[in-house]
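A.B. asks: need the 3D shape of this:
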Amino acid sequence: MRTRRASTNGSRVVAIVVVVWLFIGLAAAAQRNYFSGSDATCAKVGTTLVTVVAGPLNYIGANPKIDCSAPQPSR
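C.D. replies: Modelled structure (predicted):
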């Protein structure tokens, strides 16, 4: 029984850390105005997602940028 209880407590701690990490990433993306505007380009969506996942690393200098380009259809 102790093993199960310790595992449950560990899982809760990990879940809380992940939620806090992502919340900090959302705050960083919001401060950089990544959620404003309606132009959802590949680069903007990618940069926003990477900023959210990077979380607290944004506040120690990480500034992730994604540059993506889709192939253009031939004419």
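
A.B. asks: ok, for C42, nearest residue in space, not its chain neighbours?
C.D. replies: Spatial nearest neighbour of C42, chain neighbours left out: C68 (4.4 Å); criterion: C-beta to C-beta, 6 or more residues apart in numbering. For the C-beta atoms, the positions are set from N, CA and C on the backbone; glycine is no exception.

A.B. asks: contacts only, for that neighbour.
C.D. replies: Remark: with contacts taken as C-beta atoms under 8 Å, 6 or more residues apart in numbering, C68 is in contact with 42-43, 46.

A.B. asks: turn those into CSV, including pLDDT and distance to V20.
C.D. replies: Formatted as CSV, those follow (pLDDT from 0 to 100; distance: C-beta to C-beta, whole Å):
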residue, pLDDT, distance to V20
C42, 83, 29
A43, 81, 28
G46, 86, 23
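
A.B. asks: relative to I16, which of these is nearest.
C.D. replies: Proximity to I16 was ranked across those by C-beta to C-beta; first place goes to G46, at 27.3 Å.

A.B. asks: where does the closest one sit, in terms of helix or strand?
C.D. replies: helix 42-54 (DSSP states H and E).

A.B. asks: got a winner among the contacts of C68 for most neighbours?
C.D. replies: With neighbours taken as other C-beta atoms under 10 Å, the top of the contacts of C68 is G46, carrying 15 neighbours.
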